[in-house]
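Enquirer: Sequence and predicted model, in that order:
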Amino acid sequence: DAKTTQPPSMDCAEGRAANLPCNHSTISGNEYVYWYRQIHSQGPQYIIHGLKNNETNEMASLIITEDRKSSTLILPHATLRDTAVYYCIVRVMNTGFQKLVFGTGTRLLVSP
Amino acid sequence: ETGVTQTPRHLVMGMTNKKSLKCEQHLGHNAMYWYKQSAKKPLELMFVYSLEERVENNSVPSRFSPECPNSSHLFLHLHTLQPEDSALYLCASSQDRTPRAGEQYFGPGTRLTVT
């Protein structure tokens, strides 16, 4: 699986958009980008995933560059409850078993 | 509430004890996972069961023994653990062999302390 690079930490003011970047310059054509987050001492939570088109759901938006070498997770109106570690993972999409490899992620701190 | 429950939530055990962690998923998934998360380290995948068959065993010491009696239940049997085994143990499930296989749903974890 391709390696991802994320900043170790970011700050965001409550109510503002949080834009979390991820570099995956060695991503293959059949690898999807997944985002998870982990609130302190809880299990990780799936947020969103995508291949090359931008994706949006009730939690966040995912913007993937045209060359697919980087992506940005956007939390449009961050709240204090969005304080967490955010993980960007690339994974082959197929119907066989493929594991998720979690890195160290970005620690997002949302402040009042 | 993710549909994945784990018991106990906290466990303190001596190095000579035998204990078991339990995980149950109510999502109808066909794959279940055990992860270990030590302080300030990334999640480490320990075991994976897909369709009740173990498909991944990530060089885990034999003092950890998984059991998957059916697709809804997963156990992790512990014996003669070491203090460095103290960690958060997380269970997850997913619908393997489908386009949603990468969406894993995690339980709240068991905080294990080995004394």
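Expert: Perfect, thanks for sending it.
Enquirer: Number of residues surrounding the closest residue to residue A:59 other than its chain neighbours?
Expert: Leaving aside its sequence neighbours, residue A:59 sits nearest to residue A:47 (C-beta to C-beta, 6 or more residues apart in numbering or on different chains; 5.3 Å). (Each C-beta comes from the backbone N, C-alpha and C, glycine too.) Residues within reach of residue A:47, counting by other C-beta atoms under 10 Å in any protein chain shown, total 20.
Enquirer: Residue A:47 belongs to a helix?
Expert: No - counting by DSSP: H, G, I helix; E, B strand; the rest coil, residue A:47 is not found in a helix; it is strand.
Enquirer: Check the gap between it and residue B:43 for me.
Expert: Residue A:47 sits 15 Å away from residue B:43, going by C-beta to C-beta, to the nearest Å.
Enquirer: And for residue A:33?
Expert: Counting by C-beta to C-beta, the gap from residue A:33 to residue B:43 is 18 Å.
Enquirer: quick one: contacts for the residue in chain A positioned nearest to chain B?
Expert: Nearest residue of chain A to chain B (C-beta to the nearest C-beta) works out as residue A:43 at 2.9 Å. Going by C-beta atoms under 8 Å, 6 or more residues apart in numbering or on different chains, residue A:43 touches B:2, B:4, B:90, B:91, B:92, B:106, B:107, B:108, B:109.
Enquirer: Grab the nearest non-local neighbour of it.
Expert: residue B:106 (2.9 Å).
Enquirer: what about that neighbour, how many residues close to it?
Expert: 23.
Enquirer: Just give me the residue right at the centre of chain A.
Expert: Centroid check for chain A by C-alpha atoms, centre = their mean gives residue A:35 as the closest residue, at 3.3 Å.
Enquirer: show me where pLDDT drops low in chain A?
Expert: A:1-2, A:93-97 (pLDDT under 70).
Enquirer: All the strands of it, residue numbers only.
Expert: Secondary structure of chain A (DSSP state E): strands located at A:9-13, A:18-23, A:31-38, A:45-50, A:55-56, A:61-64, A:70-75, A:84-92, A:106-111.
Enquirer: Let me know the angle separating the first one from strand A:106-111.
Expert: Put plainly, it is strand A:9-13. Put simply, strand A:9-13 runs at 30 degrees to strand A:106-111, going by axes from the mean of the first three to the mean of the last three C-alpha atoms, to 10 degrees.
Enquirer: So which bits of strand A:9-13 are buried?
Expert: Using 16 or more other C-beta atoms under 10 Å in any protein chain shown as the test for burial, strand A:9-13 gives A:10, A:12.
Enquirer: related to what we said a few turns ago, against residue B:9, how distant is the residue of chain A closest to chain B?
Expert: Residue A:43 is 11 Å from residue B:9, by C-beta to C-beta.
Enquirer: Find residues that contact each of these two.
Expert: Contacts common to residue A:43 and residue B:9, judged by C-beta under 8 Å, 6+ apart, are B:108, B:109.
Enquirer: was I right about the residue nearest to residue A:59 contacting residue A:58?
Expert: No - taking C-beta atoms under 8 Å as the definition, residue A:47 is not a contact partner of residue A:58, at 10.1 Å.
Enquirer: gap between residue A:45 and residue A:78?
Expert: Residue A:45 is 15 Å from residue A:78, by C-beta to C-beta.
Enquirer: That's all I had, so thanks and see you.
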